[in-house]
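In: no sequence on this one, just coordinates:
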């Protein structure tokens, strides 16, 4: 998953949890004029304007809430960037099943390669042939 997608998912999970706990915020969060993509764009523009490289969770989540709380807010232009997130995202059952299938497939391919390489005959190396012909002190 791309960093920005991971970032978007992290922000969205936080906002959904906050909306479930806070009825006043839930009303703003359900505003049809607002969406998660514009929220992320707003946050990225905020970060770029600040000139800082690192932020606490509270600062970023606070900007996300601010985006939804304000009716008239300038989102800014979309920014092409890579966002690093230090949160663990919980995978859905479908994503876990897909990851498991991929791991099993890779394991099977690796084991098949091992079996195929084991059945190939090994040939003598040139270095071994040269060592046999090289004279030693006892042959003189």
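Out: Alright, I've got the coordinates. What you are looking at is a predicted structure, and each value in this text was computed from that prediction instead of being measured. Numbering: from 1, shown residues only.

In: any chance you could map the helices in this structure?
Out: With DSSP state H applied, the chain shows helices at 3-21, 23-29, 36-50, 57-69, 93-119, 126-133, listed in chain order.

In: can those go into CSV with extra columns for mean pLDDT?
Out: Listed next are these as CSV, based on pLDDT from 0 to 100:
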stretch, mean pLDDT
helix 3-21, 88
helix 23-29, 92
helix 36-50, 92
helix 57-69, 93
helix 93-119, 88
helix 126-133, 56
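
In: Out of those helices, the one nearest residue 84 is which?
Out: helix 3-21 (5.8 Å; C-beta to C-beta). No exception for glycine: its C-beta is placed from N, CA and C like everyone else's.

In: quick one, domains of the chain?
Out: 3-69, 89-119 (automatic domain parsing).

In: Most tightly packed of these?
Out: Burial of the domains of the chain is given as mean neighbour count (mean count of other C-beta atoms under 10 Å); domain 3-69 ranks first at a mean of 15.

In: returning to what we had before: quick check: which of the domains of the chain is nearest to residue 80?
Out: domain 3-69 (9.1 Å).

In: Include distance to residue 82 when you put the domains of the chain into JSON lines, please.
Out: Formatted as JSON lines, these follow (distance: least, C-beta to C-beta, whole Å):
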{"stretch": "domain 3-69", "distance to residue 82": "5"}
{"stretch": "domain 89-119", "distance to residue 82": "16"}
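
In: Correct me if wrong: residue 18 contacts residue 25.
Out: Yes. Between residue 18 and residue 25 there is a contact under C-beta atoms under 8 Å: 5.5 Å.
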